[in-house]
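Peer 1: make a model of this:
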Amino acid sequence: MANSTGGVLYPARLPQFHRLPAVGQVAELVAWFWIPEWDVEPGHTSRQEIVGYPALNLVVEQDGVTLSGATTRASHRDLRGHGWAVGALLRPAAVGALIDDPASLVDHMRTLDEPALHAEVTRAMATGEGHRDRAVSVFSHWLVDRVGAPTDAARLANAMAEALAGDGGALTPAEAATRLAVSVRTLERMAHRSVGISPAAMIRRRRLQDAAQLVRDDPGADLSTIAAELGYADHAHLTRDFRAVLGIAPRTYRADVEE
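Peer 2: Sure, this is the predicted structure:
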């Protein structure tokens, strides 16, 4: 999961966008940090359409701090005026310290009362050159202090997420369970407790993101070949997934991107 615009359906429409690595202790808690900054002309709107990774996001913005759950559908946000956000794509090891039941947050978000985090990140974003690195640094220190050292169970949950949603991820829950030397039932419990959606749903979301990227990045790629490469039964299966989540077919998406 290293592509700088992975999950963003129309990268050319993005405002200024940066993805920063999680380093040191926070790397066990965060997959990466993401920072959009925008300055939209008065009276105009920049619509950002996203197919989120199968994970939770902790986000600091000017208005406050929010925790967003895993998503089962595409979403969008309309950006106006001047603003920024500093988000952390959370690994499962961080989730338990922030919410007891991540399944209750699927396709939703909630505001968190975290004034210290908000103040430190806001202060960092208001500085000059290097503000993004400083924002990530204070965010990282806050999260490490909040969560503490991951347990063995938390590290296994991280491995579960990588097996299901990481680069080279499994094509089926059974394959992921075999990689981790656990039962499929244990895999299902880990996914529910730490992400809130099923292993199968995590795999479907990863495959759809990969498919969207391949359709977008290689206009000449054959859709049947893409479907086979990603483990879809056939081209029709890929098209059904696209329509179910994005509301459009792969060919329509490709044409929209090329506009």
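Peer 1: which stretches of the chain form strands?
Peer 2: In the chain, the strands defined using DSSP state E lie at 16-21, 30-39, 46-50, 57-61, 64-68, 75-79, 82-90, 109-112.
Peer 1: return the helix or strand in the protein with minimum mean pLDDT.
Peer 2: Considering only helices and strands, the least confidently modelled element of the chain by mean pLDDT, DSSP states H and E is strand 46-50, at a mean of 73.
Peer 1: what's the angle from it to strand 30-39?
Peer 2: With axes from the mean of the first three to the mean of the last three CA atoms, to 10 degrees as the criterion, the two stretches strand 46-50 and strand 30-39 enclose an angle of 160 degrees.
Peer 1: and strand 46-50, how far out from the chain middle?
Peer 2: Centroid separation for strand 46-50 versus its chain: 15 Å, with CA atoms, centre = their mean, to the nearest Å.
Peer 1: distance of residue 214 from residue 61?
Peer 2: From residue 214 over to residue 61 the distance is 31 Å, taken as CB to CB, to the nearest Å. All C-beta atoms are positioned from the backbone trio N, CA, C, and that covers glycine.
Peer 1: neighbours of residue 24, how many?
Peer 2: By the other CB atoms under 10 Å criterion, the neighbourhood of residue 24 contains 10 residues.
Peer 1: can you tell me how far the residue nearest in space to the middle of the chain is from residue 142?
Peer 2: The residue lying closest to the centre of the chain (CA atoms, centre = their mean) is residue 53, at 3.2 Å. Residue 53 sits 22 Å away from residue 142 when distances are taken as CB to CB.
Peer 1: repeat for residue 251
Peer 2: In this structure, residue 251 and residue 142 are separated by 45 Å, where distance is defined by CB to CB.
Peer 1: out of these two, which sits in the busier spot?
Peer 2: Set side by side, residue 251 and residue 142 show unequal neighbour counts under other CB under 10 Å, the larger going to residue 142 at 20 against 12.
Peer 1: show me what contacts residue 87?
Peer 2: The neighbourhood of residue 87, defined by CB atoms under 8 Å, 6 or more residues apart in numbering, consists of 33-35, 57-60.
Peer 1: give me the pLDDT value at it.
Peer 2: For residue 87, the model assigns a pLDDT of 96.
Peer 1: quick one: buried ones out of the contacts of residue 87?
Peer 2: 33-35, 57-60 (16 or more other CB atoms under 10 Å).
Peer 1: for the lengthiest helix in the chain, which residues meet the burial criterion?
Peer 2: Counting residues, the longest helix in the chain under DSSP state H turns out to be helix 199-217. Within helix 199-217, the residues scored as buried using 16+ other CB under 10 Å are 199, 201-216.
Peer 1: ok, and the closest non-adjacent residue to residue 59?
Peer 2: Nearest-residue entry for residue 59: residue 87, 4.3 Å, with adjacent residues in sequence omitted and distances by CB to CB, 6 or more residues apart in numbering.
Peer 1: my error: substitute residue 233 in the last question.
Peer 2: In space, not counting the residues next to it along the chain, residue 233 is nearest to residue 227; the distance is 7.8 Å by CB to CB, 6+ apart.
Peer 1: count of residues packed around that neighbour?
Peer 2: Neighbour count for residue 227, taken as other CB under 10 Å: 22.
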